[in-house]
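# model this:
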Amino acid sequence: MKPIHLAYIVAQRVRVWWRRTFQIRTRGVKAVVLRGDSVLLIRHSYQSPDTYMLPGGGIDRRERAMEAGAREVREETGCILTDMREHGQFVATSEGWPDHITVVVGQTTSAPVADGKELLEARFFPLNALPANLSPASLRGVKEVRDGLPPADAW
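Down below sits the predicted model:
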C-alpha cells in the first residue's frame, strides 16, 4: 500500500469517528454521469476499495449542489459535466450521522482518469452490464436514472 493511500484511510476513519461522535450534519452530492449508454463509476483508495460507487463528495459552504457535483466529478475524474439536472434529495443515516445528499445527473464526453491517490479507478460501464460489486445505494441511483424512476426516499 502506498503511503498516500494509508493517509487517506486514516483521514477517513478520523472523519467518520468525528461525525458519528458529535452527530455532525453534512451535505453531500452524488453524480450519475452518463456518456451515451454508459455510467461513470469509481473505486476509492480509502473506503471500500473493492466496491464501485458513484462519484461525489461534500458540498462546500455557499456552494450549490449542482456546482458541487460538477466540481467533485471534475476533481475526482477530470470529466466535465454538461446538461445537468437534479434527480432528488434525501437524508442518509447509514454511516451513523445525518448526511443530506443531493443526486445530480449529467452528461460528459470526457474520458475519466483516476488520480491514483483518492481514486484507484474511474471508468464507464454499460447501463445494462453494471458490475456485481457496485454499492447497493449506487445501484439504486443508477437504476432510477436509467429506468426513469422517481428518486427513492432513502439512499
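# Following the helix or strand of the chain with the lowest mean pLDDT in sequence, what is the next regular element?
The weakest-scoring helix or strand in the chain, judged by mean pLDDT, DSSP states H and E, is helix 3-22 (a mean of 73). Sequence order places strand 26-35 as the next helix or strand after helix 3-22, per DSSP states H and E.
# how about residue 79, secondary structure?
Using DSSP: H, G, I helix; E, B strand; the rest coil, the three-state assignment for residue 79 comes out as coil.
# ok, for it, nearest residue in space, not its chain neighbours?
Leaving aside its chain neighbours, residue 79 sits nearest to residue 110 (4.0 Å; criterion: CB to CB, 6 or more residues apart in numbering). Bear in mind the C-beta positions are built from the backbone N, C-alpha and C, glycine included.
# Which pLDDT does the model give that neighbour?
Residue 110 is assigned a pLDDT of 95 by the prediction.
# got it, and residue 45?
What the model reports as pLDDT for residue 45 is 89.
# Can you report phi and psi for it?
For residue 45, the backbone dihedrals (degrees, to the nearest 10) come out as phi -80, psi -20.
# what angle do the helix or strand residue 145 falls within and strand 26-35 make?
In the assignment (DSSP H and E), residue 145 maps to helix 136-147. Using axes from the mean of the first three to the mean of the last three CA atoms, to 10 degrees, the direction of helix 136-147 lies 50 degrees away from that of strand 26-35.
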